[in-house]
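Trainee: Any chance you can model this:
(one chain, ligands or ions: 1)
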Amino acid sequence: MSKIRAAITGVHGYVPDYVLSNKELETMVDTNDEWIFSRTGIKERRILKDKTLAASDMGVKMVEGLLEKTNTKPEEIEMLLCATITPDMVFPDTANTISDKIGAKNSFGYDINAACSGFLYALNTGAKFIETGTYKKVVIVGLDVMSSIIDYSDRATCVIFGDGGGAVMLEPTTDGTGIQDSILRSNGHGRHFLHMKAGGSLKPTTMDTVAAREHYVYQEGRTVFKHAVSGMTSAVADLFAQNQLEEKDIDWLVPHQANKRIIDVVAGQLDFPMEKVMVNIHKYGNTTAGTLPLCLWDWEDKLKKGDKIVLTAFGGGFTWGATYLIWS
Ligand code: UT7
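Mentor: Sure thing, here's the model as predicted:
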């Protein structure tokens, strides 16, 4: 019998309506459009302005669209994973809140906290439940409401991040398409360079932590930049070696959208022409766990069955990796 693989049978994205442009950021912090665009490739990002809404509400939009596209009823979902670092609450998980709101009453699931690599980690976790024959319909959500943890007086971080994400449906296939192989890595030493200082058990929330603005993203940008380049390049190179692949065998490289300069260097080191690299950072910024599904959603119309795709990501933790799949 041919091997059961997890095929992506649908993708749907969502970004909030509000567009925060570089021009508007110029009125908020000491920055300018020229610096932001030349240093990051970002022109604008989306922000969830309505403060009564949260991560799960964006997730509901993604999954409802996905169910419509794949002609699936909510009760058919057997597993729903949500990759996010901006859950509705510290606990319970957002995956189950999404399942509750959409009526996926037979679904089992949980959140995965792997920052910008969250979607890649969740995709591979869900794929194992398909490959083992445990489940036949698994939904993977990757999203973040980064505006909820960004300090809009810190120019080093507030220009980079945005809100949004997407969801994919995983189903079994034996036709040779689907997820083929992955390399996933992490190194906890990286926590020093990208984290939120307070709000966890190490430093619970107090008036002092709030006054010290410790509930926002802290990032040592240059250090993270270097590790992001080497992490994504080496993960893809190792995945190529493990599968006897070369750049010319691959139709699309889908890199995490953290900085256009990082994408350019990674693509250059791997000899990928930019026509084969998905880039949408100019309109969404860095949506953390949302970037990879947002790329797949934006490129959905161009993807054909049999296309060979490599996804790669790097993020807080540090976490990183790459996945090779054949579009179904
Ligand atoms: O997605 C998770 C993983 N995250 C990443 O992969 C992000 C990796 N890091 C980066 O993308 C970049 O490091 C940043 C975009 C965060 C920063 O770009 P950079 O080229 O590394 O800038 P820098 O931090 O080295 O700062 C250069 C200068 C500094 O001024 P001085 O000290 O040279 O006078 C900063 O104060 O740019 C200044 N600067 C700004 N100027 C105008 C920093 N942010 C801004 C700003 N506008 N928004």
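
Trainee: At the contact with the ligand, which residues of the stretch 151-300 of the chain appear?
Mentor: For the stretch 151-300 of the chain, the residues found near the ligand under the criterion Cβ under 6 Å from any ligand atom are 155-156, 159-160, 221-222, 224-225, 228, 258-259, 262, 286. In short, each C-beta sits where N, CA and C put it, glycine included.

Trainee: next one: the stretch 1-150 of the chain
Mentor: Among all residues of the stretch 1-150 of the chain, those adjacent to the ligand (criterion: Cβ under 6 Å from any ligand atom) are Thr31, Trp35, Ile36, Arg39, Thr40, Cys116.

Trainee: nearest residue to the first one other than its sequence neighbours?
Mentor: If the residues on either side of it in the chain are set aside, Thr31 comes closest to Arg155, at 4.8 Å by Cβ to Cβ, 6 or more residues apart in numbering.

Trainee: Let me see the contact set for that neighbour.
Mentor: Arg155 sits next to Val29, Asp30, Thr31 when contact means Cβ atoms under 8 Å, 6 or more residues apart in numbering.

Trainee: Listing request: residues of this structure with sub-threshold pLDDT.
Mentor: When the per-residue scores of the chain are filtered using pLDDT under 70, the ranges that remain are 1.

Trainee: would you list every one of the strands in it?
Mentor: Under the criterion DSSP state E, the chain contains strands at 5-14, 18-21, 44-47, 79-83, 108-112, 138-145, 163-173, 178-186, 194-196, 217-219, 252-255, 308-315, 319-326.

Trainee: residue of the chain with the smallest distance to the ligand?
Mentor: Of the chain, the residue with the smallest distance to the ligand, taken as Cβ to the nearest ligand atom, is Gly221 at 2.7 Å.

Trainee: so that residue makes contact with Val159?
Mentor: No: with contacts counted by Cβ atoms under 8 Å, Gly221 stays clear of Val159, the gap being 10.9 Å.

Trainee: So for these two, which residue has more residues nearby?
Mentor: Val159 (27 against 16; other Cβ atoms under 10 Å).

Trainee: Tell me which residues touch that one, please.
Mentor: Neighbour list for Val159: Asn22, Leu25, Val29, Thr31, Ile36, Thr40, Ile42, Gly285 [criterion: Cβ under 8 Å, 6+ apart].

Trainee: Do I have it right that the first one meets Ile36?
Mentor: It refers to Asn22. Yes: distance between Asn22 and Ile36: 4.8 Å, which falls inside the contact criterion (Cβ under 8 Å).

Trainee: Quick check: neighbours shared by these two?
Mentor: In terms of Cβ under 8 Å, 6+ apart, Asn22 and Ile36 are both contacted by the residues Ile42, Lys43, Val159.

Trainee: Among these, which ones are in helices?
Mentor: Where the shared contacts of Asn22 and Ile36 are compared with helices, as defined by DSSP state H, there is no overlap at all.
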